[in-house]
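Asks: Okay, predicted coordinates and the sequence, questions at the end:
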Amino acid sequence: MLAYPIVIENDDGTLLVTSPDFPELTTFGEDREEATARAVDALEEAIAARIHDREEVPSPSQGEAYATLPALTSVKVLLYQGMREQGIGKAELARRLGWHLPQVDRVLDVEHHSRLDQMDAALGAIGWRLDVTATRIAAANA
């Protein structure tokens with residue numbers, strides 16, 4: 001999953017959150033957990049706006065704190081980045097997949113709950129393969 005750096009600063013009793021990778025992102029929270037959760041939502045909104053406007057969505061840079069995107073949003077970002085890198089537009093992706101344009105719009109829409117097989121097919125159409133791994137996390141009470 002993609003994790004973008006965030007900067008969390010105290011701002012008169014609340015925590016202000018910004019991101020060096022998305023200058024347009026500003027949100028807040030009452031505590032660190034809420035601020036990070038709101039940062040994820042704000043990141044998804046910033047990414048959706050950039051995709052809509054056909055602007056670059058950067059790869060994550062380095063930082064001290066991070067907001068991790070949901071897996072599906074991460075895959076959509078990677079698809080979009082791959083399309084831009086290769087100069088593949090939505091119409092060309094639709095042609096390669098044998099899909100209608102609204103189907104392509106949905107796999108690039110971070111608010112749409114696309115199926116994993118659709119994302120895998122779209123990535124395959126640009127020469128990429130979706131690999132899935134799972135990592136065991138330490139139990140909270142262990």
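Replies: Sure thing, it's come through. Note that this is a predicted model, so its numbers are computed, not measured.

Asks: Can you show me the helices along this protein?
Replies: 32-52, 71-86, 90-97, 101-108, 116-125 (DSSP state H).

Asks: Let's have these in CSV, adding distance to residue 63.
Replies: Quick note: C-beta positions are derived from backbone N, CA and C, even for glycine. Formatted as CSV, those follow (distance: least, Cβ to Cβ, whole Å):
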stretch, distance to residue 63
helix 32-52, 11
helix 71-86, 17
helix 90-97, 32
helix 101-108, 26
helix 116-125, 27
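
Asks: can I get these in a markdown table with mean pLDDT and distance to residue 8?
Replies: Converted to a markdown table, the helices of the chain look like this (pLDDT from 0 to 100; distance: least, Cβ to Cβ, whole Å):
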| stretch | mean pLDDT | distance to residue 8 |
| --- | --- | --- |
| helix 32-52 | 98 | 5 |
| helix 71-86 | 98 | 21 |
| helix 90-97 | 98 | 36 |
| helix 101-108 | 98 | 30 |
| helix 116-125 | 97 | 31 |
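
Asks: who wins for proximity to residue 62 among those helices?
Replies: Of all these, helix 32-52 sits nearest to residue 62, with 16.1 Å by Cβ to Cβ.

Asks: which helices and strands does that closest one pack with?
Replies: Packing partners of helix 32-52 (3 or more Cβ pairs under 8 Å, 6 or more residues apart in numbering; DSSP states H and E): strand 3-11, strand 14-19, strand 22-29, strand 65-68, helix 71-86.

Asks: The last one: how far from the chain's middle?
Replies: Going back to what we said before, that points to helix 71-86. Offset of helix 71-86 from its chain centre (Cα atoms, centre = their mean, to the nearest Å): 8 Å.

Asks: With only the CA atoms kept, save that helix in PDB.
Replies: Taking Å, rounded to 0.1, in the frame of the first residue of the first chain, the C-alpha atoms of helix 71-86 are listed here in PDB:
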ATOM      1  CA  ALA A  71      -5.200  -1.000  -0.700                       C
ATOM      2  CA  LEU A  72      -7.800  -0.300  -3.500                       C
ATOM      3  CA  THR A  73      -6.900   3.400  -3.600                       C
ATOM      4  CA  SER A  74      -3.200   2.500  -3.800                       C
ATOM      5  CA  VAL A  75      -3.900   0.200  -6.800                       C
ATOM      6  CA  LYS A  76      -5.900   2.900  -8.600                       C
ATOM      7  CA  VAL A  77      -3.000   5.400  -8.000                       C
ATOM      8  CA  LEU A  78      -0.500   2.800  -9.400                       C
ATOM      9  CA  LEU A  79      -2.800   2.200 -12.500                       C
ATOM     10  CA  TYR A  80      -3.100   6.000 -13.100                       C
ATOM     11  CA  GLN A  81       0.700   6.500 -12.700                       C
ATOM     12  CA  GLY A  82       1.400   3.700 -15.100                       C
ATOM     13  CA  MET A  83      -1.000   5.000 -17.700                       C
ATOM     14  CA  ARG A  84       0.600   8.500 -17.500                       C
ATOM     15  CA  GLU A  85       4.100   7.000 -17.600                       C
ATOM     16  CA  GLN A  86       3.300   5.100 -20.800                       C
END
